[in-house]
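1. Fold the following, please.
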Amino acid sequence: MMVERIQTDEEVNETRQGYLRYSRRKKLFILGSLAALILLSLFTLSLGDTKLTYGEILRYLFDRDGSWYSTVVWDLRFRMVVAALFAGAALGIAGSVMQSILRNPLASPFTLGLSNASAFGASLAILFMNGGTIVGQTAAYANVSSPLLVTFMAFAFAMVATAIMLLLVKITECTPETIVLAGLAISSIFSAGLAFLQYIADDVALSAIVFWQFGSLSKVSWENLYIVGFVLLLVSIYFIYKRWDYNALESGEDVARGVGVHVRNTRIAGLVLSAVLTATVVSFMGVIGFIGLVGPHIVKRLIGNDNRYVLLGSMIIGALVLLLAYIVGSFAFYTVIPVGIITSAIGGPMFIIILLRGRRKR
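-> Below is the predicted model of the structure:
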């Protein structure tokens, strides 16, 4: 009996040590990713025609004295960096939650149709609202005279797409896999509507619609960023609080119900809040695709599916990917390319890889 007890204690100790190694590796990944994000942010602040040392950048960040250099750091560079951090983190955690509650690796704000719905709403506002929303002399310099109205319509139609999806869930009691297919159908419908609006628009209106669709960090102001940051803080706190429920859902609905998770309410709340977070970002910055798909998949490939770490990791990696896309789009070519184009170029091949991996597993 004594020998048997010693063996059991050794096994318990070995299990404990294994769990500590498991947790340590994931925590190191989170801390390492966060350090990389901070360093990349500081490097981004140093890029541009106005040359500044890192010491000068830090000084102007903490002492906004109203000088030209302070304006360059705060209103041009730091605003872009914060926009990339907030938008990447928001889309990353929204995509991670959608993939967990729907148990589908292809689920993301972009693939569920929220981005196309927002683009349709913004285009509708640009064309038909306020008796002439577009002002400007040429298509090259089209401008929107009612940006708040455009933002509101983009947000509203993203929520309309979410409401349609939830209504389908309630009426048909469809499976999580079917929800993704419904999202693709909704995306196709709004994409057709968007194409129609572009077809009937004049040159100036068409220019403004196309420019809005390109996800761009330059569109957002500090006032907009305060709103995005506030929504991101509230929603991410809720998601992290529910991390154990999402872990249970990853194991299947029966397992989740067995440990006391209200599957239906958790799924609906997760979808709605993910949609709110996505709609807030897209309505201010335009369509930024595939961050919610790429970010969570990178994290899960490296540290597994434990949402205690995946949610935070998706926020950090999403911000990191979007910041890299901003650097490439702004400084790698002879002209500035919107981040939405860069992220789509990254996300398209990633989407195909995920499809092929899923087919091999089956």
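
2. And the helix or strand hosting residue 234, what does it pack against?
-> Element membership for residue 234, per DSSP states H and E: helix 222-241. Here helix 222-241 touches helix 79-102, helix 263-285, helix 307-331, going by 3 or more Cβ pairs under 8 Å, 6 or more residues apart in numbering; DSSP states H and E. For the C-beta atoms, the positions are set from N, CA and C on the backbone; glycine is no exception.

3. residues near residue 162, how many?
-> 25 (other Cβ atoms under 10 Å).

4. I should have written residue 212 there, sorry.
-> 25.

5. which ones are touching it?
-> Neighbouring residues of residue 212 by Cβ atoms under 8 Å, 6 or more residues apart in numbering: 119, 122, 123, 126, 144, 150, 219, 286.

6. Give me the distance between it and residue 29.
-> When distances are taken as Cβ to Cβ, to the nearest Å, residue 212 and residue 29 turn out to be 36 Å apart.

7. swap in residue 278?
-> The value you get for residue 278 to residue 29, if Cβ to Cβ is used, is 25 Å.

8. Name the residue in those two with the higher neighbour count.
-> Counted by other Cβ under 10 Å, residue 278 and residue 29 do not tie: residue 278 has more neighbours, with 31 against 18.

9. Ends of stretch 103-122, what's the gap?
-> Terminal residues of stretch 103-122 are spaced 31 Å apart (Cα to Cα, to the nearest Å).

10. Skipping adjacent residues, who's closest to the residue most central in space within the chain in space?
-> Geometric centre of the chain, nearest residue: residue 91, 1.1 Å, by Cα atoms, centre = their mean. The shortest distance from residue 91 to any non-neighbouring residue, by Cβ to Cβ, 6 or more residues apart in numbering, is to residue 291 (4.0 Å).

11. ok, the one you found - how many residues close by?
-> 34.

12. can I assume it is in contact with residue 86?
-> No: taking contacts as Cβ atoms under 8 Å, residue 291 lies outside contact range of residue 86: 11.7 Å.

13. returning to that earlier point: can you name the residues that contact the residue nearest to residue 91?
-> 87, 88, 91, 92, 95, 318, 321, 322, 343, 347.

14. mind checking how far the residue nearest to the centre of the chain is from residue 215?
-> 10 Å.

15. was I right about residue 323 contacting residue 83?
-> No: look at residue 323 against residue 83 with Cβ under 8 Å: they stay out of range, at 9.7 Å.

16. Neighbour count for the two, which is higher?
-> For residue 323 versus residue 83, neighbours defined as other Cβ under 10 Å are more numerous around residue 83 (27 against 24).

17. Can you tell me the closest non-neighbouring residue to the more buried one?
-> In space, residue 83 is closest to residue 217, 4.2 Å off (Cβ to Cβ, 6+ apart).

18. Distance of the one you found relative to residue 300?
-> With Cβ to Cβ as the criterion, residue 217 and residue 300 are 26 Å apart.

19. What of residue 323?
-> 20 Å.

20. Next: residue 248.
-> From residue 248 over to residue 300 (counting by Cβ to Cβ), the distance is 17 Å.

21. and those two? which has more neighbours close in?
-> A count of neighbours by other Cβ under 10 Å puts residue 248 above the other of residue 248 and residue 300, at 22 against 19.

22. For the nearest residue to residue 336 once chain neighbours are set aside, give its distance to residue 110.
-> Counting by Cβ to Cβ, 6+ apart, residue 336 lies nearest to residue 330, which is 5.4 Å off, once chain neighbours are set aside. Distance of residue 330 to residue 110, given as Cβ to Cβ: 22 Å.

23. who has more neighbours, those two?
-> Neighbour count, other Cβ under 10 Å: between residue 330 and residue 110, residue 110 has more, with 26 against 20.

24. The closest residue to the more buried one other than its chain neighbours and residue 37, how far apart?
-> In space, and not counting its chain neighbours, residue 110 is closest to residue 289: 4.3 Å by Cβ to Cβ, 6+ apart. For residue 289, the distance to residue 37 (Cβ to Cβ) stands at 21 Å.

25. next one: residue 211
-> Counting by Cβ to Cβ, the gap from residue 211 to residue 37 is 29 Å.

26. More neighbours: which of these two?
-> Set residue 211 next to residue 37 and count neighbours by other Cβ under 10 Å: residue 37 wins out with 20 against 17.

27. if I read this right, the more buried one contacts residue 322, doesn't it?
-> No: using Cβ under 8 Å, residue 37 is not in contact with residue 322, being 10.5 Å away.

28. Need the residues touching each of those two.
-> residue 85.

29. What is the burial count for residue 26?
-> Using other Cβ under 10 Å: residue 26 sits among 20 other residues.

30. Where does it sit, in terms of helix or strand?
-> Here residue 26 is assigned to helix 2-45, by DSSP H and E.

31. Next, count neighbours for the closest residue to residue 67 other than its chain neighbours.
-> Using Cβ to Cβ, 6+ apart and skipping the chain neighbours, the partner closest in space to residue 67 is residue 60 (7.9 Å). Residue 60 has 21 neighbouring residues, counting by other Cβ under 10 Å.

32. helix or strand for residue 60, which one?
-> helix 54-62.

33. Buried ones in the helix or strand following that helix, by neighbour count?
-> Reading on from helix 54-62 to the C-terminus, the next helix or strand found by DSSP H and E is helix 68-71. Neighbour counts over helix 68-71 (16 or more other Cβ atoms under 10 Å) mark residue 70 as buried.

34. in this protein, which ranges drop under the pLDDT threshold?
-> 1-19, 129-147, 172-177, 347-348, 350-351, 354-362 (pLDDT under 70).
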